[in-house]
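In: Using only what follows, build the 3D model:
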Amino acid sequence: MYTCASCTIHACKDPEHKDMPKNCPMRQEALVEEAKAEYQKPEVQKFFVTSSEIEHDGYCQWPRLKETMVFCKRMGYKKIGLGFCIGFVKEARIVADLFRNEGFTVVSAVCKSGGVDKTEAGIPDEKKLKPGQYEAMCNPILQAKLLNEQKTDFNIALGLCVGHDSLFYQYSEARVTTLVVKDRVLAHNPVGAIYCADGYFKNRLKIEE
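Out: The predicted structure is shown next:
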């Protein structure tokens with residue numbers, strides 16, 4: 001079992017790979033070589049090299065939004081898909097306008113697409129935000145399929161719920177990047193809970209069913 005999150009050595013950053021722990025992934029030489037071979041595939045190499053060049057060119061200068069636009073431009077993408085949460089409609093409009101201003105075609109699909117009531121997908125009525133009423137469910141699978149139907153070159157996830165985003169990634173035929181993650185408590189900045197895990201959120205992060 002790999003425990004990189006607890007490692008204090010990180011031999012992977014040392015050119016000689018000194019002092020590798022017994023369970024270090026670096027010891028999986030066959031897998032390391034297998035992964036390296038994948039980067040030589042033309043469709044993977046261009047994607048990876050371009051993203052790495054952007055890491056260099058915009059390092060500590062460009063916000064993620066600009067990095068995403070520059071990446072799409074350098075990759076030669078023309079049609080961008082935007083899968084967004086209805087709670088981010090204002091932000092989605094801004095993002096779509098910014099991309100269009102840079103010459104991209106933007107196809108956007110909101111999470112409530114399809115207008116399917118939550119109970120039709122097996123969600124108990126008592127688990128609706130307003131039980132007893134019609135409540136359109138989030139529909140990440142349809143969002144992905146709508147963008148697939150439009151043959152987007154690259155898709156952006158903006159504010160999709162935990163788990164819903166996973167289904168969007170799974171069903172999207174184009175590669176996906178996340179521009180914004182949802183965290184209604186922390187102004188969509190989930191890392192705040194990590195930074196405060198030993199302080200303000202010390203007891204608030206415990207799971208209590």
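In: can you give me the helices in this structure?
Out: 29-38, 42-57, 64-75, 89-101, 140-149, 164-171, 191-195 (DSSP state H).
In: out of the ones you listed, nearest to Leu82?
Out: When those are compared by CB to CB, helix 89-101 sits nearest Leu82, at 6.0 Å. To be clear about C-beta, it is placed using only N, CA and C from the backbone, and glycine gets the same treatment.
In: Only alpha carbons, please: show the closest one as PDB.
Out: Extracted in PDB, the C-alpha atoms of helix 89-101 (Å, rounded to 0.1, in the frame of the first residue of the first chain):
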ATOM      1  CA  VAL A  89     -25.100  30.500 -13.800                       C
ATOM      2  CA  LYS A  90     -23.600  34.000 -13.400                       C
ATOM      3  CA  GLU A  91     -20.100  32.600 -13.300                       C
ATOM      4  CA  ALA A  92     -20.800  30.300 -16.200                       C
ATOM      5  CA  ARG A  93     -22.000  33.300 -18.300                       C
ATOM      6  CA  ILE A  94     -18.800  35.200 -17.500                       C
ATOM      7  CA  VAL A  95     -16.600  32.200 -18.400                       C
ATOM      8  CA  ALA A  96     -18.500  31.600 -21.600                       C
ATOM      9  CA  ASP A  97     -18.200  35.200 -22.700                       C
ATOM     10  CA  LEU A  98     -14.500  35.300 -21.900                       C
ATOM     11  CA  PHE A  99     -13.900  32.200 -24.100                       C
ATOM     12  CA  ARG A 100     -16.000  33.600 -26.900                       C
ATOM     13  CA  ASN A 101     -14.100  36.800 -26.800                       C
END
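In: I'd like the mean pLDDT over that helix, please.
Out: Across helix 89-101, the average pLDDT comes to 98.
In: Excluding chain neighbours, give the residue nearest to the most centrally placed residue in the chain in space.
Out: In the chain, the centroid-proximal residue (CA atoms, centre = their mean) is Thr178; its distance is 3.1 Å. Counting by CB to CB, 6 or more residues apart in numbering, Thr178 lies nearest to Ala157, which is 4.7 Å off, once chain neighbours are set aside.
In: before we move on, what about Arg175?
Out: The nearest residue in space to Arg175 (CB to CB, 6+ apart) is Phe154, at 6.0 Å.
In: give the contact list for that neighbour.
Out: Neighbour list for Phe154: 72, 75, 77, 80-81, 174-177 [criterion: CB atoms under 8 Å, 6 or more residues apart in numbering].
In: beta partners of it?
Out: Ile80 (DSSP bridges).
In: So what touches the helix-or-strand element of the chain with minimal mean pLDDT?
Out: Taking mean pLDDT, DSSP states H and E as the measure, the helix or strand of the chain with the lowest value is helix 191-195, at a mean of 94. For helix 191-195, contacts defined as CB under 8 Å, 6+ apart pick out 183, 185-186, 201, 205.
In: could you redo the last one with a cut-off of 6 Å?
Out: Helix 191-195 has contacts (CB atoms under 6 Å, 6 or more residues apart in numbering) with 186, 201.
In: Please identify the buried residues of that helix?
Out: For helix 191-195, burial by neighbour count (16 or more other CB atoms under 10 Å) applies to no residue.
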